[in-house]
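> No letters, just coordinates:
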């Protein structure tokens, strides 16, 4: 892989792996943001439990998505991208269009990571296929 593309992949890989983990952990502390304030009242009324309990679930999902992205970026990037679009929808319901646009743009970045992950996997596949073939003949 071209070094410029490899550096871009690594940057996106770490960003979309670590940022969801940090945001997920913060759902338990509210140090970085007042997360309950970002939950649409319309969505909050549909919940069978408190908004803070919902945010704990959100935090766990975000942590899991970040870990998945770190270890399986080709899959995790799609999960993070979809999650960001869901967050953007909640923000639209809340009337926070500026932040919703930011999350849509971040979802596009996650899509770019998914595409780069597919290219990276395709480039690595011939090398690992040769190892598998050699082992099969041994």
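Great, that's in hand. On a predicted model such as this, the values are computed, not experimentally measured, just so you know.
> Tell me how many other residues crowd the nearest residue to residue 43 once chain neighbours are set aside.
For residue 43, ignoring the flanking residues on the chain, the nearest one in space by CB to CB, 6 or more residues apart in numbering is residue 90 at 5.8 Å. C-betas here are computed from N, CA, C, even on glycine. As a burial measure, the neighbour count of residue 90 was computed by other CB atoms under 10 Å and equals 20.
> From residue 124, how far off is residue 90?
Relative to residue 124, residue 90 is positioned 37 Å away (CB to CB, to the nearest Å).
> Run a quick neighbour tally on residue 25.
Other residues lying near residue 25 total 15 when counted by other CB under 10 Å.
> And the residue nearest the centre of the chain?
Against the mean C-alpha coordinate of the chain, by CA atoms, centre = their mean, the closest residue is residue 80 at 2.4 Å.
> re the thing from before, so the residue nearest to residue 43 sits against residue 46, correct?
No. In terms of CB atoms under 8 Å, residue 90 does not count as a neighbour of residue 46; the distance is 11.3 Å.
> contacts for stretch 18-30?
Contact with stretch 18-30 is made by 32-33, 35-36, 55-56, 58-67, 69-70, 80, 83, as judged by CB atoms under 8 Å, 6 or more residues apart in numbering.
> Stretch 102-119 too?
Residues outside stretch 102-119 that contact it (CB under 8 Å, 6+ apart) are 1, 5, 8-9, 12-13, 15-16, 69, 73-74, 77-78, 80-82, 84-85, 87-88, 91.
> Derive a PyMOL selection command for the buried subset of those residues.
Buried residues within the contacts of stretch 102-119, by 16 or more other CB atoms under 10 Å, are selected in PyMOL with:
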select buried, resi 9+12+13+15+16+69+73+74+77+78+80+81+84+85+87+88+91
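> In helices, which of the contacts of stretch 102-119 appear?
Among these, the members falling in helices are 5, 8-9, 12-13, 15-16, 69, 73-74, 77-78, 80-82, 84-85, 87-88, 91 (criterion: DSSP state H).
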